[in-house]
Structures are given as C-alpha cells and as structure tokens.
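J.: Here is a sequence together with a model predicted from it:
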Amino acid sequence: MTATQAVVTIVAALLTTGGLAWARALLRGVGAVRAGVRATERAAVADLARRAEDAEDDRDFYRDELAATRVELREAGGVPRPLSIPPSRRRRST
C-alpha cells in the first residue's frame, strides 16, 4: 500500500464515520420533531374535546334556563313568543 492509498483510505474512513454520525443525528432530530408534533397534536385534540364538552354543557344550561323562563312567564300569566329556528337547522332543512 502506497502512502497515497493510505491517505485516501484514512480520509474515506473519516468521511464515512462523519457521514454516518451526521445521518444518525439527522434521523434523531427528525424523530424528535415527529415526537413533538405528535405531542402537540394530542394536546390540540384534547383541547378540542374539552371545548366540545364545554359547549355541550353550555348548550344544556341555556336550554334549561330558557325552559325555566318560559315556565315562569306562563305561570305569571304571560304568553312566550314562539321559538325561532336557528340558522344551522334552517340550512339543513332546505
């Protein structure tokens, strides 16, 4: 083996090792980003689920409040106006 071949062999080995380390670091970085994205998505989905539950609870609360107010109005001798149809139901019925 000549000196030139020895230098080429050493440089190739160093570049290969450095290349492998770089690729390994890149793959670890990509894996960390994916894990972070998954965690962020899980948090977002949990937040949406919590907001949906809150919206349902609020809807039920206001429905009960409306019913109680209408009953009180009738008991006091008043006549409540007919309930209007919400826009979302109007769109579905057409």
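T.: Sure, I can see it.
J.: Now do the helix or strand where Gly31 lies: distance to the chain's middle.
T.: Per DSSP states H and E, Gly31 falls inside helix 3-75. Centroid separation for helix 3-75 versus its chain: 7 Å, with CA atoms, centre = their mean, to the nearest Å.
J.: Please apply the same query to stretch 61-81.
T.: 39 Å.
J.: picking up where we left off before, which outside residues touch the helix or strand following the helix holding Gly31?
T.: Counting by DSSP H and E, the next helix or strand C-terminal to helix 3-75 is helix 87-93. Contact partners of helix 87-93, identified using CB atoms under 8 Å, 6 or more residues apart in numbering, comprise Ile85. Glycine gets a C-beta too; all of them are placed from N, C-alpha and C.
J.: Could I get the average pLDDT for helix 87-93?
T.: With pLDDT averaged residue by residue, helix 87-93 scores 73.
J.: re earlier: so what secondary structure elements neighbour the helix holding Gly31?
T.: Using 3 or more CB pairs under 8 Å, 6 or more residues apart in numbering; DSSP states H and E as the contact test, no helix or strand touches helix 3-75.
J.: Check the burial of Thr2 by counting its neighbours.
T.: When neighbours are counted by other CB atoms under 10 Å, Thr2 registers 7.
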